[in-house]
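Peer 1: When you get a sec, could you give me coordinates for this:
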Amino acid sequence: MERRDFIKYSALGLAGLCLPGFHSGSNGKPLNILFIGVDDLRPELNCYGATHMHTPHIDSLARSGVQFNRAYVQQAVCSASRASLLTGCRPDTTTVDYPYNDYFTKDFLPTHPSLPKYFFDQGFYARSFGKIHHGAPADLLKLSKPMFDHRFYKGKRSYSYALEENHTAINAVKTASKKWATGNSACLPYEIADVEDEAYPDGRIANGVVQELADAAQQDKPFCLSVGFFRPHLPFNAPKKYWDLYKREDIALAPYSEQPEDAPAFVTATKELPTYKEGWGSKKNPIDEEKARLLRHGYYACVSYIDAQIGKVLAALDANGQREHTLIVLWSDHGWHLGDNGCWGKHTNFERATRAPLIISGPSIMGAGQECNALVEYVDLFPTICDLIHTPQPNYLEGSSLAPLLAEPNMPWKDAAFSQWPLKNREGYAIRTDRHRYIEWRNRKSGIIEARELYDHNTDPNETVNIAAAHSELCTQLSARLGKGSHQ
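Peer 2: Residues are numbered from 1 along each chain as shown. Below is the predicted model:
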């Protein structure tokens, strides 16, 4: 029996053992779905071994479920990653690529409903909050209720910044451009404001979900609530109390802040940060140690701020008696470089950008409280949720259900995860095996391999040296495996 068949039949057998416990909670109702996404969240969390992080609510969720330590996104940018994980298809199938081309209006989406729409069509009470898709097209808003509108605060149009001085700066840019400004060019890439959580969008999103959970408890059908938090995406804005959780002088810098030795010059870039006021990270204003420590401080504050919002949502789930019959999936659309590999942002094929946290919690999970070190992919989420609540999988899914791993986290699993990243006339395809990360950069027109990267995670976990030139035979083997894609 081939490895792929072994996994397939093992999955069916183990799923038969574990799925009845998932399908209904203690009150006999079908399971609800709480799908929580956090933008740009790297697995630098206390439960993932980062003891300097203050993330008690995510840590608690991990203790009640299975924490996946090696989960990989299919492309480290918001639109393409979300298109993939929400439809269960890989980027070459969704055709969503950087920079943010619109997959909502293509022929693809009507025949490949995204996860919230699919479960709405299956009879769930479905609603989305915050950033789920990268954008909010009208057809995706046609769920049980319109998408929650977080854009207003105390009756006024809100900002991603809380301080009045930044509002004034944003409005000046808006007036000059005749468009609603994002604030990038008007403000610095962080803000420390002594305000309540609701002064920022994510606090209002959490409050909206808390209210919705109370309303959903009155429904006669299971719910599928998709909750997307914006931070810790830039700008690093969070209430002062979350900044106060960390001492800046104690914050460590990236263990390796240079571009990998012998790597092609084009593989790293800091794209977002220089668009903010003063152009931090640009050639004219490089990031020195002081700025680096401040930015990492801001990122950590935002992570703790989001952790608190997740805590509010989970507390409401408990208060309404819904935890025991709700499947909870916590995910991020990708990781983020905090100066690692000479980069501030995502937009790479490296480990820091493609690896993201993933926690699945729910009633009767046989592996609850354990960590799973299997190589898994975000394209696996859609089929996993279908299996856990006994809903048929649509025939277009390209991932593998993780249900067996929730029953037995240490069982044998697939031997590779795949990611990709486009750069002008090249497409970089990456394969992550148990030991290596191999990347080949193919010419988009000819398909010719123009450059290769190889990193040995046993000896070089920070991907500091590209050893492809010295290991041509291994590169050939990994290239062949990459060519087979997800097929085992």
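
Peer 1: how near is the residue nearest the centre of the chain to Glu427?
Peer 2: Closest to where the C-alpha atoms of the chain average out (Cα atoms, centre = their mean) is Ser332, at 1.7 Å. Ser332 sits 23 Å away from Glu427, taking Cβ to Cβ, to the nearest Å as the criterion. For every residue, glycine as well, the C-beta is placed using N, CA and C.

Peer 1: what ranges do the helices span in the protein?
Peer 2: Taking DSSP state H to define them, one finds helices in the chain at 3-23, 56-63, 78-87, 91-94, 108-111, 115-121, 164-177, 201-216, 240-243, 289-319, 351-354, 381-388, 403-407, 472-484.

Peer 1: Would you format these as TSV with mean pLDDT and distance to Asn462 included?
Peer 2: Output for the helices of the chain, formatted as TSV (pLDDT from 0 to 100; distance: least, Cβ to Cβ, whole Å):
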stretch	mean pLDDT	distance to Asn462
helix 3-23	41	30
helix 56-63	98	24
helix 78-87	92	23
helix 91-94	89	26
helix 108-111	81	37
helix 115-121	93	34
helix 164-177	86	35
helix 201-216	95	30
helix 240-243	98	27
helix 289-319	98	16
helix 351-354	98	8
helix 381-388	97	28
helix 403-407	96	27
helix 472-484	95	20
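
Peer 1: possible to save those helices as CSV with mean neighbour count and distance to Tyr48?
Peer 2: As requested, the helices of the chain are exported to CSV (neighbours: other Cβ atoms under 10 Å; distance: least, Cβ to Cβ, whole Å):
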stretch, mean neighbour count, distance to Tyr48
helix 3-23, 15, 24
helix 56-63, 19, 8
helix 78-87, 27, 19
helix 91-94, 21, 26
helix 108-111, 15, 33
helix 115-121, 21, 25
helix 164-177, 14, 33
helix 201-216, 20, 21
helix 240-243, 18, 19
helix 289-319, 21, 11
helix 351-354, 26, 13
helix 381-388, 24, 18
helix 403-407, 25, 17
helix 472-484, 14, 27
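
Peer 1: Including distance to Asn32, could these go into TSV?
Peer 2: As requested, the helices of the chain are arranged in TSV below (distance: least, Cβ to Cβ, whole Å):
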stretch	distance to Asn32
helix 3-23	12
helix 56-63	15
helix 78-87	18
helix 91-94	27
helix 108-111	25
helix 115-121	10
helix 164-177	38
helix 201-216	8
helix 240-243	29
helix 289-319	9
helix 351-354	30
helix 381-388	11
helix 403-407	17
helix 472-484	38
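
Peer 1: For Ser144, find the nearest of those.
Peer 2: Comparison of the helices of the chain against Ser144 by Cβ to Cβ identifies helix 115-121 as nearest, at 6.6 Å.

Peer 1: could I have the closest one exported to CSV, CA atoms only?
Peer 2: Output for helix 115-121, consisting of C-alpha atoms alone and laid out as CSV, is shown next (Å, rounded to 0.1, in the frame of the first residue of the first chain):
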residue,chain,number,x,y,z
LEU,A,115,-16.1,27.9,4.1
PRO,A,116,-18.7,30.3,5.7
LYS,A,117,-20.8,30.2,2.6
TYR,A,118,-20.6,26.4,2.3
PHE,A,119,-21.8,25.9,5.8
PHE,A,120,-24.5,28.5,5.4
ASP,A,121,-25.7,26.4,2.4
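
Peer 1: tell me how far that helix is from the chain's mean position?
Peer 2: 20 Å (Cα atoms, centre = their mean, to the nearest Å).

Peer 1: which outside residues touch it?
Peer 2: 33, 35, 85-88, 113, 126-128, 132, 140, 143-144, 224, 226, 381-382, 385, 391, 394 (Cβ atoms under 8 Å, 6 or more residues apart in numbering).

Peer 1: In PyMOL, how would I select just the buried ones from those residues?
Peer 2: Paste this into PyMOL to select the buried members of those, with burial taken from 16 or more other Cβ atoms under 10 Å:
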select buried, resi 33+35+85+86+87+88+113+126+127+128+132+140+143+144+224+226+381+382+385+391+394
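
Peer 1: and the contacts of helix 115-121, which of them are in strands?
Peer 2: Helix and strand membership here follows DSSP state E; of the contacts of helix 115-121, those in strands are Ile33, Phe35, Ala126, Arg127, Ser128, Cys224, Ser226.

Peer 1: Quick check, the last one in contact with Arg127.
Peer 2: Yes. In this structure, Ser226 sits in contact with Arg127. The criterion is Cβ atoms under 8 Å, and the distance is 7.5 Å.

Peer 1: thinking again about what came up before, closest one to Arg323 out of the ones in strands among the contacts of helix 115-121, please.
Peer 2: For the ones in strands among the contacts of helix 115-121, with Arg323 as the reference and Cβ to Cβ as the criterion, the closest is Ile33, at 13.0 Å.
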